[in-house]
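Chemist: mind folding the following:
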Amino acid sequence: MRWFNNLKTAVKLGFGFGICLAMAALIGGVSIVRMGQMNTVASQIVADPLHGAVMIATAMDDVKQFRIYECRHLLTPDDAEIRKIEGNMSALRTKIDGDLAAYEKTSTTAEDRQNLQDVKAKWAAYLTRENEQIALGRKSAYKQGYALLSARKADFDGTADGLTGMADWNNKHGEQLGKSAESAYTGARSMVLWGLFGAILLGALIGTAITRSFSGMIAQIMQRTQSLQGLCLANLGAAVDALAQGDLTAKIVTGTTLIDVKSTDELGKMAENVNGIIRRTQATVASFETAQDSLSKLVAQVKTNADQIAQSTVEIAAGS
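Modeler: All right, here's what the predicted structure looks like:
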């Protein structure tokens with residue numbers, strides 16, 4: 001972490017905020033991508049299985065209704081009613097073909113398209129003898145018409161069973177897409193939660209590192225400056241005041257230690273400046289103590305000389 005401590009304060013703060021912003025952008029990007037995946041799956045559910053199931057159900061009802069019209073056509077003796085039924089049959093056959101064609105446009109898998117082709121083949125086979133069936137109905141040939149309906153029942157059942165199979169396939173396909181949507185949601189939730197956890201953890205680590213790099217150095221600077229003011233400078237001032245009163249015995253108590261500087265950022269440089277003040281103060285105290293000692297010796301020497309002169313004066317006076 002020494003390299004981090006040596007970074008300038010602005011760089012540290014920028015680095016911390018930048019990491020937090022990058023993590024937020026990452027989480028947002030993952031969320032957007034995952035929501036896009038869920039939207040795609042949801043769109044597939046709506047456009048493929050759901051819409052397909054509706055069209056298949058409609059086609060199945062129309063095929064059954066077509067069979068009912070054939071039976072009514074065979075049993076109806078009234079020519080006007082026969083023509084009306086034939087018109088309904090023609091319109092219904094066009095509608096069934098349209099439903100199958102519309103479904104084919106929405107089909108997205110090879111299996112589904114193959115199922116549709118099988119149904120269309122069965123339906124085409126069922127319609128092969130449709131004109132013959134209509135002709136028998138117009139003649140009121142009930143026995144032959146019923147026999148033909150029975151002969152064509154296998155193709156009708158094949159068409160109905162094929163449509164039922166397509167409906168089942170769409171249900172299963174819808175379930176698979178639903179599971180895919182659930183999986184996409186679960187994955188997105190997990191990634192977002194892990195991303196948030198990582199962002200919180202990383203932010204806490206970076207915040208702790210920045211806080212420690214600030215608070216530790218600031219605390220040392222404050223302690224040293226308080227010690228300088230309350231101990232070293234105060235005692236030095238007291239000694240100077242004592243010197244002004246002629247007291248050369250005042251002792252200067254110091255104890256401010258240098259700051260252990262481990263960084264080269266702004267706070268580290270400030271700490272070095274404080275260390276410079278401490279060294280200068282210690283040098284001043286040392287110089288004062290040296291001067292105090294020298295002055296004490298000088299005073300003592302002057303006193304000794306004065307005593308000697310006084311003694312000599314007394315002796316001279318006595319001899320006279």
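
Chemist: for the rest of this, base every contact and every neighbour count on C-alpha atoms.
Modeler: Fine.

Chemist: count of neighbours near Asp79?
Modeler: Residues near Asp79, counting by other CA atoms under 10 Å, number 11.

Chemist: export stretch 250-265 as CSV, just CAs?
Modeler: The C-alpha coordinates for stretch 250-265 follow below in CSV (Å, rounded to 0.1, in the frame of the first residue of the first chain):
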residue,chain,number,x,y,z
ALA,A,250,16.1,27.2,34.5
LYS,A,251,15.9,23.8,32.7
ILE,A,252,14.2,23.4,29.4
VAL,A,253,12.2,20.2,29.2
THR,A,254,11.5,18.9,25.7
GLY,A,255,10.2,15.7,24.4
THR,A,256,8.6,16.3,21.0
THR,A,257,9.7,13.4,18.7
LEU,A,258,9.9,13.5,14.9
ILE,A,259,7.0,12.2,12.8
ASP,A,260,7.5,8.8,11.1
VAL,A,261,6.8,9.9,7.5
LYS,A,262,5.9,7.1,5.2
SER,A,263,4.3,8.9,2.3
THR,A,264,5.2,11.7,-0.1
ASP,A,265,1.8,13.2,-0.6
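
Chemist: which positions within it qualify as buried?
Modeler: Within stretch 250-265, the residues scored as buried using 16 or more other CA atoms under 10 Å are Ala250, Ile252, Thr254, Thr256, Leu258, Ile259, Ser263, Thr264, Asp265.

Chemist: need the contact partners of stretch 296-303.
Modeler: Residues outside stretch 296-303 that contact it (CA atoms under 8 Å, 6 or more residues apart in numbering): Leu248.

Chemist: work out the gap between that stretch and the centre of the chain.
Modeler: Centre-to-centre, stretch 296-303 and its host chain are 81 Å apart (CA atoms, centre = their mean, to the nearest Å).

Chemist: likewise stretch 199-214?
Modeler: 19 Å.

Chemist: which residues touch Glu175?
Modeler: Counting by CA under 8 Å, 6+ apart, Glu175 has no contacts.

Chemist: mind telling me what element it is part of?
Modeler: helix 142-227 (DSSP states H and E).

Chemist: same for whichever strand or helix holds Arg67, what does it pack against?
Modeler: According to DSSP H and E, Arg67 maps onto helix 51-75. In terms of contacts (3 or more CA pairs under 8 Å, 6 or more residues apart in numbering; DSSP states H and E), helix 51-75 is packed against helix 79-106, helix 130-138, helix 142-227.

Chemist: name the helix or strand of the protein that has the lowest mean pLDDT.
Modeler: helix 2-5 (a mean of 60; mean pLDDT, DSSP states H and E).

Chemist: output the helices and strands packed on helix 51-75 in JSON lines, with distance to Ala242 and mean pLDDT appended to each entry.
Modeler: Shown next, in JSON lines, are those (distance: least, CA to CA, whole Å; pLDDT from 0 to 100):
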{"stretch": "helix 79-106", "distance to Ala242": "104", "mean pLDDT": "90"}
{"stretch": "helix 130-138", "distance to Ala242": "133", "mean pLDDT": "91"}
{"stretch": "helix 142-227", "distance to Ala242": "21", "mean pLDDT": "82"}
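
Chemist: looking at those helices, which is nearest to Arg67?
Modeler: In terms of CA to CA, the element of the helices and strands packed on helix 51-75 nearest to Arg67 is helix 142-227, at 8.2 Å.

Chemist: got the buried residues for the very next helix or strand once past that closest one?
Modeler: Downstream of helix 142-227, the first helix or strand assigned by DSSP H and E is helix 234-244. Within helix 234-244, the residues scored as buried using 16+ other CA under 10 Å are Ala234, Asn235, Leu236, Ala239, Val240.

Chemist: kindly report the same for stretch 65-73.
Modeler: Phe66, Tyr69, Glu70, Cys71, His73.

Chemist: ok, stretch 131-141 next?
Modeler: Those would be Gln133, Ile134, Leu136, Gly137, Arg138, Ser140, for stretch 131-141 by 16+ other CA under 10 Å.

Chemist: does the fifth one touch Ile82 like I think?
Modeler: The reference is to Arg138. Yes. Using CA atoms under 8 Å, Arg138 is in contact with Ile82, at 7.3 Å.

Chemist: between these two, what contacts are shared?
Modeler: With CA under 8 Å, 6+ apart as the test, Arg138 and Ile82 both reach His73.

Chemist: what stretches of the stretch 201-320 of the chain score poorly on pLDDT?
Modeler: 319-320 (pLDDT under 70).
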